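Undergrad: take a look and give me a structure for this.
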Amino acid sequence: MLGALAIAGAGRSLIDGSAAGASSAAANAINGIPAARTPAFHSRPDLRIPGLAVDVDTGTTASGLIFLAPYGGKHGQKGAVIVDGSGSPVWEQPLNGLETDNFRVQTYQGRPALTWWEGKIELGHGVGSYVIANGAYEPIKRVQAGNGLNGDLHEFLLTSRGTALFTAYAIRNADLSSVGGSRNGTIQDAIFQEVDLASGRVLLEWHSLDHIALAESYWPVGKRWDYVHLNSIDVDVADENSLFVSSRNTHTIYKIDRKSGEIIWRLGGKRSDFELGTGAVFAWQHDARSHPGGVITIFDNEGAPFVGDTPTRGIVLVVDEQAMTASLQSQYLHPVPLQAASKGNVQLLANGNVFVGWGAEPFVSEFSASGELLFDARLGAGYQGYRAFRIPWSATGEGSPSVVAKRDGASGTELWVSWNGDTRVVRWLVLGGGGSGALKSLGTFARSGFETAMRVDGSPRRLVVRGLDAAGRTLGQSATLSL
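TA: From the prediction side, this is the model:
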């Protein structure tokens, strides 16, 4: 699949043909087209996280919903959100007083599960824990870091071994005089752990200060110096006894022995063991992922500080561990050059497309393997997100459907119904009646987005709304509403 990838985003490849309109549309998005608007649902007024404002959609994207954890924004509500291809919310989980990051679907105990980090952000890293939720959106496990540490937002990876890999940080006293700092300085020790999910036992704990020299860092020396800044961990698909770890502030991907913690090689940075070909050099990167055939995908921030006017990009490298060379196989650039100072990710999709979350820049995009922009959308005003994913997901909603109603003069009744998280309801059946006795059908209505507006004749005293699937089976029913 990857062998046929062209280098996209170079020269004229993203402004010729069908992509020309995409470039213009993205420019308009930056220069004035409104971002996604804060929703206003009658049936769930408590949910106010914007979805996406879709600017480009060719109708040829991969299947799946989009998983985000936006924060910031003019109205301040933040949390996990799933949106559909139109940008409309499917599920929202606002968190008051806490941040949510790294929200996606993973496999837990053989089944798809939602996972995310939640906590507070201090000194550029997270202080919190990790949540695993089932297909009914019910949290079923909370994972904590061991040995007195706190779980960091940058990574939470469930493995086939029944373990979790995640990052953590600790502040240490250190002599920084060798790199121009104080003899009595402070430094952030970047750490990762592998923990057994069943027992919580720490199987591996790795410290940057034991393995990465201070001189490898490109980050300016300062108080509580973040000299490494680990931001992703992945299992080598060719050898599960090795891990790939991304260090933003050394511009390096480290291959690490999963048992001993020793560094096997360095890709990029000041001490690279590889010769990097034309276009293969990266800087301030995030989200290094292993794929078959020696392929590594990287979100190449190129900032901050920015490397000249080089735009942020998603890249696909082919790494030859025999010849010790790394070559650029493809790159993906937003049609309006972006410079993401932080965050971001690249996801290879099952159909060969490439999905990019632009991190500190409020965009998500999907490209064909050859580089054509297939989808581009913008978060709500002032929002940004750490990572974004397109993943297949099917679920009935959490709890039961929510419904509100009001009289429409003397001739009818208006209703609004939603079911937070549901992907399976096709039609809504409204049942109504008097103050007592059986309820009868007042009509069925095609589902329309997160919230469906309906109108029935008459003035029923009691109302119930049922969600039906394509075969007419009841998936869920609201509580009885008395008017």
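Undergrad: residue contacts, Gly467?
TA: Residues near Gly467 by C-beta atoms under 8 Å, 6 or more residues apart in numbering: 396-397, 401, 419, 422, 424-425, 427-429, 447, 474-477. No exception for glycine: its C-beta is placed from N, CA and C like everyone else's.
Undergrad: which strand residues bridge it?
TA: Trp428, Gly476 (DSSP bridges).
Undergrad: give me the domain ranges for the chain.
TA: 2-391, 402-482 (automatic domain parsing).
Undergrad: save the ones you listed as CSV, and put in mean pLDDT too.
TA: Shown next, in CSV, are these (pLDDT from 0 to 100):
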stretch, mean pLDDT
domain 2-391, 91
domain 402-482, 95
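Undergrad: so which of those is the most packed in?
TA: domain 2-391 (a mean of 19; mean count of other C-beta atoms under 10 Å).
Undergrad: tell me which stretches of the stretch 1-150 of the chain form helices.
TA: Along the stretch 1-150 of the chain, counting by DSSP state H, counting those that start in this stretch, helices occupy 19-31.
Undergrad: dump stretch 155-167 to PDB, restricted to CA.
TA: Output of stretch 155-167 as PDB, limited to C-alpha atoms (Å, rounded to 0.1, in the frame of the first residue of the first chain):
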ATOM      1  CA  GLU A 155       0.700   9.000  25.500                       C
ATOM      2  CA  PHE A 156      -1.500   6.100  26.700                       C
ATOM      3  CA  LEU A 157      -1.000   3.100  24.500                       C
ATOM      4  CA  LEU A 158      -2.700  -0.300  25.200                       C
ATOM      5  CA  THR A 159      -0.600  -3.200  24.000                       C
ATOM      6  CA  SER A 160      -1.300  -6.800  22.900                       C
ATOM      7  CA  ARG A 161       0.400  -8.000  26.100                       C
ATOM      8  CA  GLY A 162      -2.400  -6.600  28.300                       C
ATOM      9  CA  THR A 163      -0.200  -3.700  29.400                       C
ATOM     10  CA  ALA A 164      -0.300   0.100  29.000                       C
ATOM     11  CA  LEU A 165       2.600   2.300  27.900                       C
ATOM     12  CA  PHE A 166       2.400   6.000  29.000                       C
ATOM     13  CA  THR A 167       4.600   9.000  29.800                       C
END
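Undergrad: could you shift the numbering so residue one becomes 44, and keep it that way?
TA: Noted, 44 is the first residue going forward, which turns the last one into stretch 198-210.
Undergrad: what lies in contact with it?
TA: 145, 149-151, 156, 158-160, 168, 173, 175, 186, 188, 194-195, 197, 233-241, 246, 273-278, 283, 286.
Undergrad: 6 Å instead, please
TA: Stretch 198-210 is touched from outside by 145, 149, 151, 158, 160, 173, 186, 194-195, 197, 235, 237-240, 273, 275-276, with contacts defined as C-beta atoms under 6 Å, 6 or more residues apart in numbering.
Undergrad: all strands of the stretch 44-193 of the chain, in order?
TA: For the stretch 44-193 of the chain, applying DSSP state E, counting those that start in this stretch gives strands covering 96-100, 108-111, 114-115, 122-126, 132-137, 142-151, 154-165, 168-176, 182-186.
Undergrad: with the stretch 344-493 of the chain instead?
TA: Taking DSSP E, counting those that start in this stretch as the criterion, the stretch 344-493 of the chain carries its strands at 356-363, 368-375, 388-391, 397-400, 406-410, 416-421, 426-427, 432-434, 445-451, 455-461, 470-476, 483-489.
Undergrad: nearest residue to Ala331 other than its sequence neighbours?
TA: Ser289 (4.1 Å; C-beta to C-beta, 6 or more residues apart in numbering).
Undergrad: and the one you found, that's in a strand?
TA: Yes - applying DSSP: H, G, I helix; E, B strand; the rest coil, one finds Ser289 inside a strand.
Undergrad: show me what contacts it?
TA: Neighbours of Ser289 in contact, by C-beta under 6 Å, 6+ apart: 274-275, 296, 331.
Undergrad: so how far is Asn274 from it?
TA: Look at Ser289 and Asn274: by C-beta to C-beta, to the nearest Å, they are 5 Å apart.
Undergrad: with Lys121 instead?
TA: Going from Lys121 to Asn274 by C-beta to C-beta gives 20 Å.
Undergrad: and Ile92, by the same measure?
TA: Computed with C-beta to C-beta, the distance linking Ile92 and Asn274 is 24 Å.
Undergrad: for Pro113, same thing?
TA: Pro113 is 18 Å from Asn274, by C-beta to C-beta.
Undergrad: thinking again about what came up before, is the residue nearest to Ala331 in a bridge, and if so with what?
TA: Bridge pairing for Ser289 (DSSP bridges) gives the partners Ser275, Ile296.
Undergrad: show me how far stretch 243-254 is from its chain's centre.
TA: Relative to its parent chain, stretch 243-254 has a centroid offset of 25 Å by C-alpha atoms, centre = their mean, to the nearest Å.
Undergrad: could I have that stretch exported to CSV, CA atoms only?
TA: Only the C-alpha atoms of stretch 243-254 are listed here, as CSV (Å, rounded to 0.1, in the frame of the first residue of the first chain):
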residue,chain,number,x,y,z
GLY,A,243,-1.2,-2.3,38.1
ARG,A,244,2.4,-3.6,38.5
VAL,A,245,5.1,-1.5,36.9
LEU,A,246,7.0,-3.7,34.4
LEU,A,247,9.4,-1.1,33.1
GLU,A,248,10.2,2.4,34.2
TRP,A,249,12.5,4.4,31.9
HIS,A,250,14.2,7.8,32.8
SER,A,251,15.6,10.2,30.2
LEU,A,252,18.3,11.3,32.7
ASP,A,253,19.7,7.8,32.7
HIS,A,254,20.0,7.6,28.9
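Undergrad: tell me which residues are up against it.
TA: For stretch 243-254, the external contacting residues (C-beta under 6 Å, 6+ apart) are 189-190, 232-239, 271, 304, 306.
Undergrad: which two among those are spaced furthest apart?
TA: Farthest apart among these by C-beta to C-beta are Asp239 and Val271. That separation is 25.5 Å.
Undergrad: generate a markdown table for the strands of the stretch 344-493 of the chain, with distance to His254 as supplementary columns.
TA: Output for the strands of the stretch 344-493 of the chain, formatted as a markdown table (distance: least, C-beta to C-beta, whole Å):
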| stretch | distance to His254 |
| --- | --- |
| strand 356-363 | 20 |
| strand 368-375 | 21 |
| strand 388-391 | 25 |
| strand 397-400 | 29 |
| strand 406-410 | 34 |
| strand 416-421 | 40 |
| strand 426-427 | 31 |
| strand 432-434 | 30 |
| strand 445-451 | 52 |
| strand 455-461 | 50 |
| strand 470-476 | 58 |
| strand 483-489 | 58 |
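Undergrad: closest to Glu259 out of those?
TA: strand 368-375 (17.7 Å).
Undergrad: list the helices and strands that closest one packs on?
TA: strand 356-363 (3 or more C-beta pairs under 6 Å, 6 or more residues apart in numbering; DSSP states H and E).
Undergrad: output the contacting helices and strands for the strand it packs on.
TA: strand 338-343, strand 368-375.
Undergrad: make JSON lines out of the ones you listed and add distance to Val499.
TA: Output for these, formatted as JSON lines (distance: least, C-beta to C-beta, whole Å):
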{"stretch": "strand 338-343", "distance to Val499": "50"}
{"stretch": "strand 368-375", "distance to Val499": "49"}
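Undergrad: secondary structure element holding Ala207?
TA: Assigned by DSSP states H and E, Ala207 belongs to strand 206-217.
Undergrad: got the angle for that strand vs strand 182-186?
TA: 40 degrees (axes from the mean of the first three to the mean of the last three C-alpha atoms, to 10 degrees).
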